[in-house]
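Turn this into a model:
(chains A and B)
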Protein chains: 2
Amino acid sequence: MFAQKLRKTETTKPADVSPVEKLVALLREDMRTADALIHARLGSAVALIPDLAKHLVDSGGKRLRPLLTLAAARMGGYAGGHHVHLAAAVEFIHTATLLHDDVVDGSSLRRGKVSANLVWGNKPSILVGDFLLSRAFRLMVEAGRVDVLDVLATASGIIAEGEVMQLKSVNDVATSEDHYLSVVHAKTAALFAAAAEAGAMLANVSPAYEEAMRVYGDNLGMAFQLVDDALDYSGRQAMMGKAVGDDFREGKVTLPVILAVARADKDEKKFWTRVIQTGSKSERDLDRAITLVEQTGAISDTMTRARAYADTAQNALPEGTSEIREALSGIADFCVERAY
Amino acid sequence: MFAQKLRKTETTKPADVSPVEKLVALLREDMRTADALIHARLGSAVALIPDLAKHLVDSGGKRLRPLLTLAAARMGGYAGGHHVHLAAAVEFIHTATLLHDDVVDGSSLRRGKVSANLVWGNKPSILVGDFLLSRAFRLMVEAGRVDVLDVLATASGIIAEGEVMQLKSVNDVATSEDHYLSVVHAKTAALFAAAAEAGAMLANVSPAYEEAMRVYGDNLGMAFQLVDDALDYSGRQAMMGKAVGDDFREGKVTLPVILAVARADKDEKKFWTRVIQTGSKSERDLDRAITLVEQTGAISDTMTRARAYADTAQNALPEGTSEIREALSGIADFCVERAY
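Numbering: from 1, shown residues only, chains lettered A, B, ... in the order given. As a prediction, the model looks like this:
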């Protein structure tokens, strides 16, 4: 199924324009307005706040989540101007999460740049995250729909729950697939789902349409995170400006590791137990981990799972033939293909 | 004026019931409902979250901020049931701030208990703070007033700005009074002001009444923080379950220090410069700092300023003779008197 999908996509779109770029082009004006709003609303008389926030906001993120909000609103027939407020709010929630994540993980690199916590320290990163979260809610107030605000506030709480759950599984070689999937659902898919649902809600679509967009976002988020976790053990990652082996070094137990551990022989089990449970890991250990996740088929199986989530996302999309719909479907493919 | 006020208050209320307790008694049912709501809404399937949140929520805080919201709503004639949602939201914003503050400050003690960051670590404290902030906004959604939500979201952003500003003045012996007052305004008074204003707004009072409650809360918050900062150099602090000298050890430059530095002779200036700018401080240094803030009149002048803010708070209260109004006025006195 996986290879088949890849082939299908390759024949239906020009090879040099990604579906994300295609969607950005379709929503160019909206994206421009949302971007201007993002920059306007991270302003503060306390200069450190916009300095730090811009470091992350302008670091070349794809703005995938706000793009979902704008696309869902327009595809649903929304003709007003408040979808950009929701899109900016979604990006602020995401940025706040990244700032706090990097503190929690002790990260040093984010989108190929030195992470904010390393430039300014953990304290400002925590506080600027709080600031952006507050600004996100003010943007939602401007959008004027309290039911949409509730959807995004709920997602924001679920993200925090997911991050706490993830802490529990760090350094735990016995982490189950089920626990892992719950974490991914909460820490990543919840915001993708809410971003798409929020846009649809603003367009006053039918409950079934709204639910379809939520399911699309949810499954796209799952696919996105699984691919991310596979890439962390892949050479391609280095080309994307991210350090390879971050999860490994931080003792995060992701699906590639869970599958590799389940298939490990006695000697390999000893290896995984040591490198996951203890802090002492060498670059040679990382090399062996990469070899093992490849050899056991853990990476390709993680990708197959990601592909299945991407399929579900595509199938969930409401009926129709619009260019936006096509691009959203293409993004689900792209999300998996970027790993190759 | 200060001594006069103290005398006046002593003659008009029984010595054994504080105005806070009096207000709690007047709003007993509301406080009970708000408290139940607070406990219900910090629930999560991720057990660590309620465990950590309860540690702080049940640690004997006075619930002064939610009390302001309830009082303002009832005094304004509100007869509905949504003021408890706002009160719970206000307490959650405050709790989230404390959790993040304790991480930022590296605190070890909060309300006489070991602080959450020391029990569970910094990471869960950051994430549970985020969780509570999200829950606060969901509570505000339930209250159904988007304009009130905006007032509280704005306050939440200002608190973060204040905390960032405060970071800038840490270890800076040249911190100005003006900078200090701006920090206190943002990190403390903004939430007191919003808590009181939010309750009044729910009661649909006149703009002048709403503004009066905002000004009351704002000035009460200023008085409250100035007294807190004076207490940090006072023996009475130890009786209240707080460590004395926390600000001193963390290099925080508060009004007692700013005033003492302004009045220091050459030798004392050298002392202050050393202990504020460098990390090397001994308990003997703290003893000398306490002696200096006392001898130079910095403590009593800080208290005089606090008294002036308390007066402004009292004078701002809307005309009337209700028991709630009397208790709110008494709280402004109490806020200053607790230092004696």
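
all contacts plus neighbour counts: C-alpha atoms, from now on.
Fine.

So which residue is smack in the middle of chain A?
By CA atoms, centre = their mean, chain A has its centre lying nearest to residue A:188, at 5.2 Å.

ok, it to residue B:45 distance?
Residue A:188 sits at a distance of 18 Å from residue B:45 (criterion: CA to CA, to the nearest Å).

element containing the residue of the stretch 151-300 of chain A found nearest chain B, please.
Minimum separation of the stretch 151-300 of chain A from chain B (CA to the nearest CA) falls at residue A:157, amounting to 4.8 Å. For residue A:157, the enclosing helix or strand under DSSP states H and E is helix A:146-169.

helices and strands around that helix, which ones?
Using 3 or more CA pairs under 8 Å, 6 or more residues apart in numbering or on different chains; DSSP states H and E, the elements in contact with helix A:146-169 are helix A:122-143, helix A:177-184, helix A:190-202, helix B:48-57, helix B:122-143.

Dump those helices into TSV; add mean neighbour count as well.
Listed next are those as TSV, based on neighbours: other CA atoms under 10 Å in any protein chain shown:
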stretch	mean neighbour count
helix A:122-143	25
helix A:177-184	17
helix A:190-202	29
helix B:48-57	20
helix B:122-143	25
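
Turn the ones you listed into TSV, including distance to residue B:338 and mean pLDDT.
Conversion of the helices and strands packed on helix A:146-169 to TSV gives the following (distance: least, CA to CA, whole Å; pLDDT from 0 to 100):
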stretch	distance to residue B:338	mean pLDDT
helix A:122-143	30	96
helix A:177-184	47	98
helix A:190-202	46	98
helix B:48-57	22	94
helix B:122-143	29	96
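
can you redo those as TSV with distance to residue B:32?
Formatted as TSV, the helices and strands packed on helix A:146-169 follow (distance: least, CA to CA, whole Å):
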stretch	distance to residue B:32
helix A:122-143	28
helix A:177-184	35
helix A:190-202	33
helix B:48-57	14
helix B:122-143	16
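
Tell me the residues of chain A that contact chain B?
Applying CA under 8 Å from any CA of the partner chain, we find that chain A lies next to chain B at A:44, A:46, A:48-49, A:100, A:103-104, A:122-124, A:126-128, A:130-135, A:137-138, A:141, A:144, A:146-147, A:149-150, A:153-154, A:156-158, A:160-161, A:163-165, A:167.

number of nearby residues for residue A:101?
21 (other CA atoms under 10 Å in any protein chain shown).

Residue A:61 should be in a strand, yeah?
No. Going by DSSP: H, G, I helix; E, B strand; the rest coil, the assignment for residue A:61 is coil, not a strand.

Ramachandran coordinates for residue A:114?
With angles defined as degrees, to the nearest 10, residue A:114 sits at phi -60, psi 130.

Distance of it relative to residue B:35?
Relative to residue B:35, residue A:114 is positioned 44 Å away (criterion: CA to CA).

which of these two has more neighbours?
Between residue A:114 and residue B:35, counting by other CA under 10 Å, residue B:35 is the more crowded of the two (20 against 14).

Mind listing what's buried along the host helix or strand of that one?
Assigned by DSSP H and E, residue B:35 belongs to helix B:28-41. Across helix B:28-41, burial judged by 16 or more other CA atoms under 10 Å in any protein chain shown covers B:30, B:31, B:34, B:35, B:37, B:38, B:41.

Which members of the residues you listed additionally contact chain A?
Okay, of the buried residues of helix B:28-41, nothing touches chain A (CA under 8 Å from any CA).

which one of these is nearest residue A:89?
Using CA to CA, residue B:41 is the member of the buried residues of helix B:28-41 that lies nearest residue A:89, at 23.5 Å.

so what's that closest one up against?
residue B:135 (CA atoms under 8 Å, 6 or more residues apart in numbering or on different chains).

same question, residue A:42
A:49, A:50, A:53, A:54, A:132, A:135.

again, but for residue A:272
Counting by CA under 8 Å, 6+ apart, residue A:272 touches A:173, A:261.

Just to be sure, it is in a helix?
Yes. Assessed by three-state DSSP, residue A:272 belongs to a helix.

Which pLDDT does the model give residue A:113?
Note for residue A:113: predicted pLDDT of 80.

May I see the buried residues of the helix holding residue A:157?
Quick answer for helix A:146-169 (16+ other CA under 10 Å): A:146-167, A:169.

From the chain's centroid, how far away is it?
Here the centre of mass of C-alpha atoms in helix A:146-169, compared against the chain's by CA atoms, centre = their mean, to the nearest Å, lies 14 Å away.

That one vs helix A:122-143, what angle?
Angle, helix A:146-169 to helix A:122-143, by axes from the mean of the first three to the mean of the last three CA atoms, to 10 degrees: 150 degrees.

measure the nearest residue to residue A:122 once chain neighbours are set aside to residue A:268 for me?
Leaving out its chain neighbours, the residue that sits closest to residue A:122 by CA to CA, 6 or more residues apart in numbering or on different chains is residue A:103, at 5.8 Å. Per CA to CA, residue A:103 is found 32 Å from residue A:268.

Is residue A:188 in contact with residue A:220, as I believe?
No. With contact defined as CA atoms under 8 Å, residue A:188 does not reach residue A:220; the gap is 9.6 Å.

mind putting the buried residues of helix B:28-41 in a markdown table, pLDDT and distance to residue B:61 included?
Converted to a markdown table, the buried residues of helix B:28-41 look like this (pLDDT from 0 to 100; distance: CA to CA, whole Å):
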| residue | pLDDT | distance to residue B:61 |
| --- | --- | --- |
| B:30 | 98 | 17 |
| B:31 | 97 | 13 |
| B:34 | 97 | 14 |
| B:35 | 97 | 12 |
| B:37 | 98 | 16 |
| B:38 | 97 | 13 |
| B:41 | 97 | 18 |
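
Strands of the stretch 201-340 of chain A, start to end?
Read by DSSP state E, counting those that start in this stretch, the stretch 201-340 of chain A holds no strands at all.

Specify which residues of it, grouped into ranges, have pLDDT under the cut-off.
In the predicted model, the stretch 201-340 of chain A carries pLDDT under 70 at residues A:235-243, A:340.

and the closest residue to residue A:145 other than its chain neighbours, what does it touch?
Distances taken as CA to CA, 6+ apart place residue A:202 nearest to residue A:145, at 7.7 Å, with adjacent residues excluded. Under the criterion of CA under 8 Å, 6+ apart, the neighbours of residue A:202 are A:73, A:78, A:83, A:145, A:148.

Try it again at 10 Å.
A:69-70, A:72-74, A:76-80, A:82-83, A:86, A:143-145, A:147-148, A:210 (CA atoms under 10 Å, 6 or more residues apart in numbering or on different chains).

One more: residue A:21?
A:27, A:28, A:62, A:327, A:331.

Excluding sequence neighbours, find me the nearest residue to the last one.
With CA to CA, 6+ apart as the measure, residue A:19 is the residue that lies nearest to residue A:331, at 5.2 Å, once sequence neighbours are left out.

Let me know whether that neighbour touches residue A:329 as I believe.
Yes. Contact criterion CA atoms under 10 Å: residue A:19 and residue A:329 qualify, at 8.4 Å.

Touching both of those two, which residues are there?
With CA under 10 Å, 6+ apart, residue A:19 and residue A:329 have no common neighbours.
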